[in-house]
Structures are given as structure tokens and as C-alpha cells.
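Student: mind folding the following:
(chains A and B)
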Amino acid sequence: MSARSRTLALHGAVVAAILALHFILPDYHHGILARTMVLAVYAMAYNVMFGYTGLLSLGHALFFAAGMYGMGLSSIHLGFSPGPAIVCGVAAAFAVSLIVGILALRTSGVALMIVTLMFAQAGWYLVLYFGEYTRGDEGFVIPRAARMLAGFDLADASNRYIAALVLFAFGLVVTLKAVESRFGRVLVAIRENEERARMLGYDVFRYKLGAVVLSGTLSGLAGACYGILFGYVGATFASVQYSILPLLWVLLGGASTVLGPFVGTYFMTYLIDISSAYTTAYMLVAGVVLVVLTLFARQGIMGEVRRRLIPWLP
Amino acid sequence: MAAVNLLATKGLTRTFGGLVAVDRVDFAVPRGQVRALIGPNGAGKTTLVGMLCGRIAATSGAITFDGRDITELPAHRRIAMGMAYTFQVTSIFARLSLRENVALAVRRCGRLDERQVERKVAEALSRVRLTEPADQMAGDLSYGHQRLLEIAMGIAQEPQLLILDEPTQGLADSEIEGFNALIRSMAGATTIVLIEHNMDVVMETADYITVLNFGEILAEGKPQAIRADAAVQAAYLGSA
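Tutor: Now for the predicted structure:
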């Protein structure tokens, strides 16, 4: 089997398995998986920048929220139907990531973390400041009537699951295509040795900017879809928590693996879900698991799978 | 008609604080020449080539390459014009395979399909006589072989000008012979600027030699003339 068909078969099988689970899973777990798939697209987007390009952002909530608010505000205030509202969200995330990228990429390393964090905090404050439109912390609900996409009621759990799966499959295709393209190879080269990449004649800044914009725009798509699928837009999604979460998901699941972000998101969701049944200090459990993973499985879950079992895993 | 000199500098200067590392250097390399750049440690050789390829900004002076003033161009644009640079301190993609290391160099140079890339990669690796499996991690190579890989990445770009900064450091004698043969095989087609401490390599490969000392050109000439030059001997070669 060629490398390409092997990769297609694996990821196709994952999508098919999730589709099969649609008919099997009890309601509660069905809902968690739908939510996880949308957030996993956010994690995949984060992974393009962090895992493949080696750029650590602490401000991705800005892009997620740009997509979510671009969708939500245009839906509520301008009366956009879901399709155009999502496009509006994606366009907002594209523009924000382009501008933030141009400015933030003048720095690197720790400075880049701080700058992205500050941009995201500014975004969060903007949401609160314009509370008249955004309803601040409280957020707003997308009415059921505004969640009809191509005749499908996205408030319905079953439709929502399928829509999330379509989005998830799209995210997989985009990241697979990106990392296997020339563009993706150069991103990895920049992560591995930026100076060498520059001295091979690659315009490092433009490639990094490309990574930020791809990552930010895909994050925005995830944010817009999250808002429309779950019918709620709120400032929490612009807060620092939502900048840290994708980093944790990616670290847990395996940076620079295509399936790692999904595995990490799913794993962490259940980790918190199960541990919070026993203790209110559930984040402590998550913290301990992270420490253990970084000590004993530094490459995350799928990174270890690649190292031990499937060396060709993309 | 193309200029005789592929590369020329005029009054090229670089200061670091109060230290003048390169002092008003006029340096010209005709097309197809193998030019050795020698001089004691700290003479400014690496700073000079750093300015040529754009890693270091010039304090003053001008650089022309292929008939164009490139003084203000960023490094990646100069490389895209047909320069290739190999680092003094080995700089490879240690966690990528040999194949991918060289393929990154090949792919930048034009729209090739992956089969053509693969062929050029194999060719570059065999020209530097690297026989390790191409899917081996570059970081697992011995130091000397990492140097060879770096040279392979340089020639894989099929540059007009190849700048090699101490390429034979850490190579075994037999590998140095291979290197000399490689340089001679490229002579004429590719212009080469070679910083080198191993005088046997210099004498064997160079058409012409420039000697730097304290950031200035001390002497220039054919290998035999440089060997006989009393000032060069005093500054660099020793009296032996």
C-alpha cells in the first residue's frame, strides 16, 4: 500500500468509526463526542502553528473568538443566516490572524508568547467593553430559527453530530494536505532549524505568517461552528482559558501528529468529566496527568504511538 | 553580455562596537573561479562571507552579484538569486532524514515533481559520497558526515556561487580527497568561495587566493605566488 493510500485509509477509518458511534453511543457520550470534534478542529488549527511550525502562541482564543463573534454578531445584529454568518466569522478570524501575525511575528520565543497573550487579552477586553452588542460575560444565545443550515436544524442533537463530523473531517483533510505539501515541509524545516531554512532561500517570515493565518482562520471556523452548533456565544471563549486549552490538548494528544489534537481533546474532556464527579479539584487531576505525560511520554499519546507502533503516522 | 565578475564588493566594512572586523574590502570573484579565502583566526573571513550572503548586515560599502546591487537584499532573496551557503558550524535539520534535508534544498529551486526531487537528492548525496541510507536521521550521522551532508545541500541548489565556510573541518583524509575531487569537478561551471584552514586543500583546489588579516586584504594571487609571499608567511603560514 502506498504511503498516501495508507494515510487515507487510516483517517477514513477514524471518520467512519465516529460515524458508526453516532448510532451506538448513549445520548450523553454522543453529545460529548460532538462537542469534542468541534474543539478538536480548534486543536488541529493550533497544532499547525505549534506542532508543525514550532511557534508557541498563548493567544489563540482571539482567533477562536473572532470566528465565534464574527458569526454570532452578524447573525444577531445583521440577521445573517448560518451560512453567511459562518463565512463572516471565518473572514474575521482571517483578518485578525493576518494582522496579529504581521505584528507578533516580529518577535519569537518567549516574546511571541507574551505578545500573542496580550493581543488575546485585548480581544477579551474588547468583548467586555462593547457589552452593549456582545452582552459581555453573560453572552448571548443564537435563536433556534437562526440555526437552520440548508434545511437542517442544528439544534437537533443528531444533525449537530453529523455537522460536527463533517467539520472534523474537513479539519483532518486541511491539516493533512497542509503538512504533506511543500508548504508544510518548509514549516517543519523552520521549526527544526530556522536559520538553515532561511539560508536555503526560504522567506521564513512569509511561511510563518502563512502558518499563523492558516491556524487562525481554521480556529475561527471552529469558533464559528461551535457557536452555531451549540447556540451560545460568550466571553469565556475569548478568555485566556481558551488559549491554554488547545495547547494542553495538543501536548496531551501529540504535537505534530494529525490525529493527536483530536485524541488529546477527547482524552482531556473525559479526564475532567470523570474526575469532576469525584472532586472539585479536577484541574489538579488534569495537571498531574500532564506532568506525568511530559515526564514519560514527551511526545504525547499519538506521538508515542508513532514512536512505538506506527512510524509512518502523519 | 554578463559581467566578468560574478561577485564584487566595494569598500565593504563591518564594525562590531569599536572593533573593525572587515575594513573597506574590495573583493571580486570572476565567474567560474574557485577562490580560497584564508587568514588567521579572527581575520574577518566568516564576517566577510556573512555579509556576502546576507547573514550579517554591512556597516558600509556595496556588494554586487550577477550584475545587481544586493547590499540591501535579505539573505533569502540572495540565495534565490543563485547563492548557496554552508555554515562553519554545521547547521542541518538534525531530526529530519538525509533525504528531506537535501530535498528541502532542491525544492526551493524550482517546481519539480517529487520523482525529479528524489533523483536530484540521490545525485547530490552520491556526489559528496554519502553512502548512508537516505532515510536515516541527519543527526545520527558522524560529525564529518554531517559536514558532507551540508555540502550536499549546497550543491543540490545548483548555485551560481557556492560559499563554503571551512568545509573540510572534521573530515577524514580520504573524505578530504573526495572533497577536493568534488570541487575540481565543479570548477568552471560553479563559482566557489572557500574559507579553508587546510593549506593542502587550498593549494589543491583554489585557482586564486585572497589572504585576509585584521579585516583587510593582505595579499591576493595565484596559489604559488601566495605561498612565496613573505608577508603572508609572516602573518599566517608561519616560517616553516
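Student: which parts of stretch A:147-162 are buried?
Tutor: Across stretch A:147-162, burial judged by 16 or more other C-beta atoms under 10 Å in any protein chain shown covers A:147, A:149, A:154-155, A:159-161. (Each C-beta comes from the backbone N, C-alpha and C, glycine too.)
Student: stretch A:38-56 now?
Tutor: Buried residues in stretch A:38-56, counted by 16+ other C-beta under 10 Å: A:38-55.
Student: then stretch A:199-211?
Tutor: Within stretch A:199-211, the residues scored as buried using 16+ other C-beta under 10 Å are A:199-205, A:207-211.
Student: take those and keep only those in strands.
Tutor: Among the buried residues of stretch A:199-211, no member falls in strands (criterion: DSSP state E).
Student: can you redo these as CSV with distance to residue A:132 and pLDDT?
Tutor: Putting these into CSV (distance: C-beta to C-beta, whole Å; pLDDT from 0 to 100) gives the following:
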residue, distance to residue A:132, pLDDT
A:199, 52, 93
A:200, 52, 93
A:201, 51, 92
A:202, 46, 94
A:203, 43, 95
A:204, 42, 95
A:205, 39, 96
A:207, 40, 96
A:208, 37, 97
A:209, 34, 97
A:210, 36, 97
A:211, 36, 97
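Student: which among the residues you listed gets closest to residue B:215?
Tutor: Nearest to residue B:215 out of those is residue A:199 (C-beta to C-beta; 23.2 Å).
Student: so who does residue A:163 touch?
Tutor: A:149, A:152, A:154, A:225, A:229 (C-beta atoms under 8 Å, 6 or more residues apart in numbering or on different chains).
Student: tell me the SS of it?
Tutor: Per DSSP: H, G, I helix; E, B strand; the rest coil, the secondary structure class of residue A:163 is helix.
Student: which residue ranges of the chain form strands?
Tutor: Since you didn't name a chain, this refers to chain A. Here chain A has its strands, by DSSP E, at A:140-141, A:148-149, A:152-153, A:232-233.
Student: meant chain B actually
Tutor: Using DSSP E, the strands found in chain B span residues B:5-16, B:19-30, B:34-38, B:60-65, B:68-69, B:83-86, B:161-165, B:191-195, B:208-213, B:216-221.
Student: ok so, going back, just the ones of the buried residues of stretch A:199-211 in helices?
Tutor: Among the buried residues of stretch A:199-211, the members falling in helices are A:204-205, A:207-211 (criterion: DSSP state H).
Student: distance to chain B added to those residues, as CSV?
Tutor: What follows is these, written out as CSV (distance: C-beta to the nearest C-beta, whole Å):
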residue, distance to chain B
A:204, 7
A:205, 9
A:207, 10
A:208, 12
A:209, 14
A:210, 14
A:211, 16
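Student: separation between residue A:190 and chain B?
Tutor: Separation of residue A:190 from chain B (C-beta to the nearest C-beta, to the nearest Å): 10 Å.
Student: and residue A:145, by the same measure?
Tutor: 50 Å.
Student: give me the neighbour count for that residue.
Tutor: Burial of residue A:145 is recorded as 9 neighbouring residues (other C-beta atoms under 10 Å in any protein chain shown).
Student: contact partners for the residue of chain B found nearest chain A?
Tutor: With C-beta to the nearest C-beta as the measure, residue B:79 is the residue of chain B nearest to chain A, at 3.3 Å. With contact set as C-beta under 8 Å, 6+ apart, residue B:79 has these partners: A:199-201, B:53-54, B:85, B:108, B:157.
Student: over to residue A:40?
Tutor: Shown in contact with residue A:40 (C-beta under 8 Å, 6+ apart): A:168, A:171, A:249, A:261-262, A:265-266.
Student: near chain A, which residues of chain B show up?
Tutor: Contact residues (C-beta under 8 Å from any C-beta of the partner chain) of chain B with chain A: B:53, B:55, B:74-77, B:79-80, B:85, B:87, B:91-96, B:100, B:103-105, B:107-109, B:153, B:157.
Student: ok, of these, which come out buried?
Tutor: The neighbour-count test (16+ other C-beta under 10 Å) marks B:53, B:55, B:75-76, B:79-80, B:85, B:87, B:91-94, B:96, B:100, B:103-105, B:107-109, B:153, B:157 as buried among those.
Student: neighbours around the closest residue to residue B:130 other than its chain neighbours, how many?
Tutor: Leaving aside its sequence neighbours, residue B:130 sits nearest to residue B:148 (C-beta to C-beta, 6 or more residues apart in numbering or on different chains; 5.2 Å). Residue B:148 has 26 neighbours, counted by other C-beta under 10 Å.
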